[in-house]
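Visitor: Build me a model:
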Amino acid sequence: MINERYIVKKILGEGRSKVFLCDDIDFPEKDVALKVLPSKVPEEEINIFRKEYFTLQKLEHSNIINAIELGTIVSDSSPEQNVEIGSKYITMEVFEGKELLNFKGCKNENTLKSILIQICSVLYYLHQSNYIYYDLKPENILVAEKDGQPVIKLIDFGFARHIIDDKIPGITGTMQYIAPELLKKEAYDQRIDLYSLGMLLYRIIYDTFPFKTDNELKILKAQIENEFEFPESNFSDEFLNIVKKLLVKNPAERYQSCLEVLSDLNVKFNNEITNQWMPAKVSSDRKDTAAILKKYLEDVKSSEVFSVRGTEGAGKSTVVEEIYSTVPVSIIIKNNNNLSGTTFLKFIVKQIIYNEYVYSRLNKVTIEKVEHLFKELPENLIDELKIIFTNIASSCRFTIILDDINKYDLFTYDTLITLIPILQVNKIKVILTEDPDEGDVSNKVHNLQTINLSPLTDQQLELLINRSLHSSFPKKEIKNLILLYADLLPGGIRTSIKDMLLLNILKYDKDGVRLNEDEEAIELLKSSQDEIYKIRLKDITDTENKLIKIISALDVTIGANALSILMDISVLDTDKLLLDLQKKEILKQYTITGTAQFSSDGLKSYIYSLIEANEEYHLKLAVNIESTLPDFNKNELARQYELAKEDEKCYSILIEVAEEAENISAFSYEKQILEHLLTLELNEDKFNLIKYKLAI
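Guide: Just a heads-up that it's a prediction; the model follows:
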């Protein structure tokens with residue numbers, strides 16, 4: 001087992017990196033693909049690998065492979081797979097497709113056309129978000145057949161660059177696919193990816209390149225000078241004309257964007273395709289916040305804790321993700337609603353322990369103590385955690401980021417608040433993010449410094465729009481609409497752009513994108529968010545409606561397996577429903593976590609408001625959960641019964657949770673449960689028992 005977490009099942013592929021199919025014992029809902037970079041590679045190779053992970057974290061498109069976590073293999077109890085200790089890894093969604101050239105259907109024009117539409121969709125998404133991919137080739141496109149149709153995933157983003165935020169490299173890519181202007185070191189733009197696309201299609205059609213040589217100098221000369229020949233083939237003249245125009249030497253005469261290619265493929269620019277073109281995430285220009293945190297991290301004597309505060313959409317997570325991507329020895333813990341209690345705590349300890357820097361500095365006794373903790377929870381769990389954290393904190397220096405800490409489950413939150421002073425005393429840097437609407441840690445953490453994220457200034461908004469959108473967009477008009485109708489927090493700005501796509505205010509055609517100033521659409525943009533939600537939900541099916549109501553009624557995230565049981569349908573059907581809801585921008589990227597989460601808290605609240613006879617609904621849901629999901633979160637089950645006004649049933653579950661807390665010496669957590677039980681309508685005997693336990 002790798003890092004006491006991943007169980008290797010088989011190898012999926014091998015190139016510069018090896019890719020393994022793995023069980024993730026912390027998140028058993030879905031398998032993961034472990035992309036492993038060998039331990040003995042040049043520093044530049046490691047930087048490209050890390051760069052790929054952080055690039056993928058900013059991209060959201062159904063045809064781009066999803067990255068989950070970045071790490072280092074420090075422990076392997078199953079060496080038969082020949083995985084080297086010290087190797088870097090990225091965990092990714094599993095997509096068991098074949099490389100494009102090995103996909104049997106790619107010689108069929110209709111099938112290749114379907115694949116080409118998806119490639120163009122994902123390339124346009126990248127280009128409009130100011131990215132150049134640089135390395136488009138068949139090996140970087142996986143294809144699988146689903147429901148009789150080809151589905152692609154673009155992989156290997158090590159060379160992808162944001163043309164504003166990233167340093168633009170020199171000649172980058174694979175020689176057979178590199179555009180002439182790049183080889184000649186002339187000015188270039190996203191059209192170099194279109195040339196690579198043309199070369200990729202040529203190779204599929206003719207089973208060869210348009211140059212008959214493996215010599216790099218001769219290939220370079222052919223790319224720059226040769227006019228390629230297009231012999232007869234099984235493909236139509238219409239399709240070949242697209243390939244010819246992609247391979248034009250002069251970029252001014254080549255296709256100017258993927259919109260033109262899609263138009264020549266007779267693609268309609270409706271919501272099904274344009275919803276995928278929500279711009280990639282970029283960091284908002286919070287230089288003042290970054291400067292404060294940088295100074296704090298450089299001060300080796302400081303024992304402060306910093307809290308980055310802001311409501312939903314303020315950009316808290318983006319700020320700390322930038323810290324995580326740039327500070328070498330940093331660990332980030334994100335809120336995992338599908339983990340709670342001791343399970344979440346064990347996960348957090350693993351994230352710390354199996355950090356390459358931390359693990360290498362711990363003694364054998366501490367590692368054995370932690371590994372024993374994973375296998376069997378001691379009765380004095382909190383005391384054991386204090387000892388472990390003391391040993392870790394006194395052995396090394398690192399930064400830990402606790403993102404959305406006041407949204408963690410009560411037990412995890414309470415335990416971490418108890419452990420933070422140990423980190424402070426040992427000068428470990430602790431950065432929290434919190435939503436003031438969800439509570440406040442300031443009265444619980446000593447020596448806490450807070451940074452409140454305010455709405456963006458006019459200048460910050462302009463910078464955000466420039467970095468988010470390609471120069472071909474009507475940026476001035478978009479900015480004016482945002483100033484009129486958005487709250488000027490980064491999340492609100494993204495929501496506003498998403499709504500412009502939904503309402504077709506941003507209108508796409510082969511010539512580019514323009515602002516459609518349809519009065520009715522603008523009025524809808526001005527209206528309440530509920531009207532936008534109605535439009536977003538108007539095309540969902542009855543089955544999808546049933547599913548999202550279940551998700552909206554829960555305060556914990558839930559995976560496809562559990563949902564399939566509650567819905568009484570197959571996991572395969574549930575999986576498809578969740579992916580369809582993701583495409584409709586109702587759910588977040590389901591494939592990353594294996595759990596279903598709404599695209600915004602506001603949408604979740606709106607869907608919940610549509611449930612009629614709430615008490616009856618919660619009772620049916622609670623009974624269904626209790627009878628079919630024995631391992632379901634007990635606190636959430638109790639909450640369902642409480643919302644159904646079944647206080648006695650709620651009590652019977654929570655008193656058991658309180659006893660479990662007492663067994664591991666989590667007395668503060670037990671106290672909070674007991675205090676909550678006093679708010680229920682119970683008989684006198686139960687009240688007296690609760691008060692007696694509280695007194696003890």
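
Visitor: if you skip the residues just before and after it, what's nearest to residue 635?
Guide: Nearest residue to residue 635 in three dimensions, chain neighbours excluded: residue 657, at 6.4 Å (C-beta to C-beta, 6 or more residues apart in numbering). To be clear about C-beta, it is placed using only N, CA and C from the backbone, and glycine gets the same treatment.

Visitor: ignore the last one, residue 398
Guide: Nearest residue to residue 398, sequence neighbours excluded (C-beta to C-beta, 6+ apart): residue 329, at 4.5 Å.

Visitor: hang on, isn't that neighbour packed against residue 355?
Guide: Yes. Counting by C-beta atoms under 8 Å, residue 355 is a contact partner of residue 329 at 7.4 Å.

Visitor: okay, those two: which has more neighbours?
Guide: residue 355 (22 against 14; other C-beta atoms under 10 Å).

Visitor: in the stretch 501-650 of the chain, which ranges drop under the pLDDT threshold?
Guide: Applying pLDDT under 70 to the stretch 501-650 of the chain flags the ranges 589-594.

Visitor: What ranges does it have for its strands?
Guide: Per DSSP state E, counting those that start in this stretch, the stretch 501-650 of the chain carries strands over the ranges 506-509, 512-515, 558-559, 595-596.

Visitor: same deal with the stretch 151-300 of the chain?
Guide: Along the stretch 151-300 of the chain, counting by DSSP E, counting those that start in this stretch, strands occupy 161-162.

Visitor: Output the below-cut-off pLDDT ranges for it.
Guide: Looking at the stretch 151-300 of the chain by pLDDT under 70, you get an empty list.

Visitor: 80 instead?
Guide: For the stretch 151-300 of the chain, the stretches with pLDDT under 80 are 168-169, 285.

Visitor: how about the strands of the stretch 501-650 of the chain, which one is nearest residue 303?
Guide: Nearest of those to residue 303, taken as C-beta to C-beta: strand 595-596 at 36.2 Å.

Visitor: The closest one pairs with which strands, parallel or anti?
Guide: Sheet pairing here is set by DSSP bridges, and for strand 595-596 it gives strand 558-559 (antiparallel).

Visitor: centre of the chain versus the strand it pairs with, how much separation?
Guide: 16 Å (C-alpha atoms, centre = their mean, to the nearest Å).

Visitor: hmm, who's touching that strand?
Guide: With contacts defined as C-beta atoms under 8 Å, 6 or more residues apart in numbering, strand 558-559 is touched by 29, 30, 338, 550, 551, 594, 595, 596.

Visitor: Out of these, which end up buried?
Guide: Buried by 16 or more other C-beta atoms under 10 Å: 29, 30, 338, 550, 551, 594, 595, 596, out of the contacts of strand 558-559.

Visitor: Next step: these restricted to helices.
Guide: 550, 551 (DSSP state H).

Visitor: can I get the buried ones among the contacts of strand 558-559 in TSV with distance to residue 451?
Guide: Listed next are the buried ones among the contacts of strand 558-559 as TSV, based on distance: C-beta to C-beta, whole Å:
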residue	distance to residue 451
29	35
30	35
338	29
550	37
551	33
594	33
595	30
596	32
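
Visitor: Out of the buried ones among the contacts of strand 558-559, flag the one nearest to residue 76.
Guide: Looking at the buried ones among the contacts of strand 558-559 and their distance to residue 76, the nearest is residue 30, at 21.9 Å (C-beta to C-beta).

Visitor: so the closest one sits right up against residue 95, yeah?
Guide: No. Using C-beta under 8 Å, residue 30 is not in contact with residue 95, being 11.5 Å away.

Visitor: Run through the residues that contact the nearest residue to residue 450 once chain neighbours are set aside.
Guide: With sequence-adjacent residues excluded and distances taken as C-beta to C-beta, 6+ apart, residue 450 is closest to residue 307, at 4.7 Å. Residue 307 sits next to 431, 432, 433, 434, 441, 442, 445, 448, 449, 450, 451 when contact means C-beta under 8 Å, 6+ apart.

Visitor: Quick check: phi and psi at residue 307.
Guide: Phi and psi for residue 307, reported as degrees, to the nearest 10, are phi -120, psi 120.

Visitor: for the strands of the stretch 501-650 of the chain, which one sits closest to residue 192?
Guide: strand 512-515 (18.7 Å).

Visitor: what's the farthest-apart pair in the buried ones among the contacts of strand 558-559?
Guide: 30 and 550 (18.9 Å).

Visitor: Residue 460 looks like it's in a strand, true?
Guide: No. If the criterion is DSSP: H, G, I helix; E, B strand; the rest coil, then residue 460 is helix and not within a strand.

Visitor: hang on, it packs against residue 287?
Guide: No. If you go by C-beta under 8 Å, residue 460 and residue 287 don't touch, sitting 9.0 Å apart.

Visitor: Name the residue in the two with the higher neighbour count.
Guide: Per other C-beta under 10 Å, whichever of residue 460 and residue 287 has more neighbours is residue 460, with 17 against 9.

Visitor: what about that one, distance to residue 282?
Guide: Distance, residue 460 to residue 282, using C-beta to C-beta, to the nearest Å: 12 Å.

Visitor: from the strands of the stretch 501-650 of the chain, which stretch is densest packed?
Guide: Stretch with highest mean neighbour count among the strands of the stretch 501-650 of the chain: strand 595-596 (a mean of 25; mean count of other C-beta atoms under 10 Å).
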